[in-house]
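Student: predicted coordinates and the sequence they were generated for:
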Amino acid sequence: MLSTRFTELVGCDVPIQQAPMGLISPSGLALAVARAGGVGTVSAPLGVQPQELAAQLDSWMDAGAGALAVNFITEQIDPEAVAVAGARARMVDFFWSAPHAKLVDAAHEGGALVNWQVGSLPDAVLAAEAGADVVTVQGREAGGHVRGDTPLLPLLTAVLRAVDVPVLAAGGIAEPRALAAVLAAGAAGARIGTRFIATSESGAHPEYVLALLAAGPEGTEITDGFADCPMCATLPRARVLRSAIAAVAAVEGDVVGTLPSGDGEQPIPPRAGLPPHKQVNGRIDAMALYAGSGVEHVTAVRPAAEVVRELAEGAEALLRAW
Ligand SMILES: Cc1cc2nc3c(=O)[nH]c(=O)nc-3n(C[C@H](O)[C@H](O)[C@H](O)COP(=O)(O)O)c2cc1C
């Protein structure tokens, strides 16, 4: 078993956190990862009211399910909602805002650990100073919104020298060798998003999954081409499939698809930052197909538990061999 400072702190079996991905990472995916020994993560909806979040989490969270985390993004976070998550989840997770002790304290009050994902050395130091129990460093290889511009390995090594808390590595890790490499470099685990999009429990639209499987090497790029979203309002940078950048450039008109909403369908404009989940209709190929640079290793849809097992067992075997 791959035991690290992260697994010991959290009380899980494998040093893998499945990244939060909005509706691409529904509760079923998080539960499958947690039951397989990793940390399963869901996203708190933007601007969610504390009572609404409590009802949502109570509808599926199960104390015996393993380690679960709830993610909050942007500066618009209600500390009461954080406290609600902290009272229910093993870990509360933050990204895309400056580390803040008030939010860390709100999560700790409920008894949860705090993980703060950062894209730079100064933010990693601020996160540790704010009281985060775990810092995740996101390299520019990552799928989705990319906070910094440093490749993972230099950022990881700089942060490991600067903070004492366990550090997770994120960005482009989609197969055992990359997991083994960051563990060998001193990371206490990995936060993995893209690999979990191609799982049986993922919420991704099937055409999004097929586009990932078809991507191959050099298939992704950081762009401001899907900047119509709350995160891009502060910093328009996200890594997506190159095919989506080309496809949206060729779209004519001001609607690329629709999304069920209330009693009708809400139009989705081209350049919207919404990754297409199963309820989305329209030109899926021209939407925000977020993907990390490890996408070439995503070659089959598998149950999430198998993905966790293969990554962990493969990395352990490599580390022993090395
Ligand atoms: C489809 C998608 C959606 C994402 N949404 C979020 C999010 O809502 N909150 C967050 O903290 N990170 C989000 N991320 C970024 C992840 O936290 C993580 O940094 C990234 O997935 C790691 O790179 P990888 O995808 O190459 O594994 C998202 C990533 C992807 C691929």
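Tutor: Received it, and whenever you're ready, just let me know what you need.
Student: quick one: the helices in the stretch 101-250 of the chain?
Tutor: For the stretch 101-250 of the chain, applying DSSP state H, counting those that start in this stretch gives helices covering 101-109, 121-129, 152-162, 176-185, 194-197, 206-215, 242-249.
Student: how about the nearest residue to Met61, chain neighbours excluded?
Tutor: Of all residues not flanking Met61 in the chain, Arg88 sits nearest, at 5.5 Å (CB to CB, 6 or more residues apart in numbering). Any C-beta I mention is one placed from the backbone N, CA and C, and that applies to glycine too.
Student: contacts only, for the one you found.
Tutor: Counting by CB atoms under 8 Å, 6 or more residues apart in numbering, Arg88 touches 54, 57-58, 61, 70, 110.
Student: next one: phi and psi at it?
Tutor: phi -120, psi -30 (degrees, to the nearest 10).
Student: how about the residues of the protein by the ligand?
Tutor: The interface of the chain toward the ligand, taken as CB under 6 Å from any ligand atom, is made up of 19-22, 24, 43, 71, 73, 95, 117, 138, 141-144, 170-173, 191-194, 275, 290, 292, 294.
Student: if we use 5 Å, what do you get?
Tutor: For the chain, the residues in contact with the ligand (CB under 5 Å from any ligand atom) are 19-22, 24, 43, 71, 73, 95, 138, 142-144, 170-172, 192-194, 275, 290, 292.
Student: from these, which land in strands?
Tutor: Under the assignment DSSP state E, the residues of the chain next to the ligand contribute 43, 71, 73, 95, 138, 144, 170, 192 to strands.
Student: distance of the third one from Pro20?
Tutor: Translated: Ile73. Distance of Ile73 to Pro20, computed by CB to CB, to the nearest Å: 8 Å.
Student: before we move on, what about the second one?
Tutor: Distance, Asn71 to Pro20, using CB to CB: 3 Å.
Student: picking up where we left off before, please pick the buried ones from the residues of the chain next to the ligand.
Tutor: Buried members of the residues of the chain next to the ligand, scored by 16 or more other CB atoms under 10 Å, are 19-22, 24, 43, 71, 73, 95, 138, 142-144, 170-172, 192-194, 275, 290, 292.
Student: what sits against the spatially closest residue to Val163 that is not a sequence neighbour?
Tutor: Distances taken as CB to CB, 6+ apart place Ala128 nearest to Val163, at 4.2 Å, with adjacent residues excluded. By CB under 8 Å, 6+ apart, the residues touching Ala128 are 135, 162-165.
Student: next one: Phe94
Tutor: Taking CB under 8 Å, 6+ apart, we find Phe94 in contact with 71-73, 77, 103, 114-117.
Student: filter those residues to the buried ones?
Tutor: 71-73, 77, 103, 114-117.
Student: which residue is the nearest non-sequential neighbour of the closest residue to the ligand within the stretch 51-200 of the chain?
Tutor: In the stretch 51-200 of the chain, the residue that lies nearest the ligand is Gly193 (2.1 Å; CB to the nearest ligand atom). Excluding the flanking residues, the one nearest Gly193 by CB to CB, 6+ apart is Ala19, at 3.5 Å.
Student: could you do Arg195 as well?
Tutor: Closest to Arg195 by CB to CB, 6+ apart is Ala174, at 4.3 Å.
Student: residues contacting Thr234?
Tutor: Contacts for Thr234 (CB under 8 Å, 6+ apart) come out as 74-75, 96.
Student: what of Asp224?
Tutor: If you count contacts by CB under 8 Å, 6+ apart, then Asp224 has 232, 236-238 around it.
Student: make it 7 Å
Tutor: 236-237 (CB atoms under 7 Å, 6 or more residues apart in numbering).
Student: mind checking how far it is from Leu235?
Tutor: Here the criterion is CB to CB. By it, Asp224 lies 9 Å from Leu235.
Student: same check on Ala128?
Tutor: Using CB to CB, we find Ala128 at a distance of 22 Å from Leu235.
Student: okay, and for the protein, where does confidence drop off?
Tutor: Nowhere does the chain drop to pLDDT under 70.
Student: give the other helices and strands that the longest helix along it contacts.
Tutor: Longest helix of the chain, by residue count under DSSP state H: helix 304-321. For helix 304-321, the elements it packs on are strand 16-18, helix 27-35, helix 176-185, helix 194-197, judged by 3 or more CB pairs under 7 Å, 6 or more residues apart in numbering; DSSP states H and E.
Student: mind redoing it with 6 Å?
Tutor: Secondary-structure packing of helix 304-321 (3 or more CB pairs under 6 Å, 6 or more residues apart in numbering; DSSP states H and E): helix 27-35, helix 176-185.
Student: which one, of those, ends up nearest to Asp263?
Tutor: Shortest distance between Asp263 and these, using CB to CB, is found for helix 27-35: 25.1 Å.
Student: what angle sits between that closest one and helix 304-321?
Tutor: Angle of helix 27-35 versus helix 304-321, following axes from the mean of the first three to the mean of the last three CA atoms, to 10 degrees, is 30 degrees.
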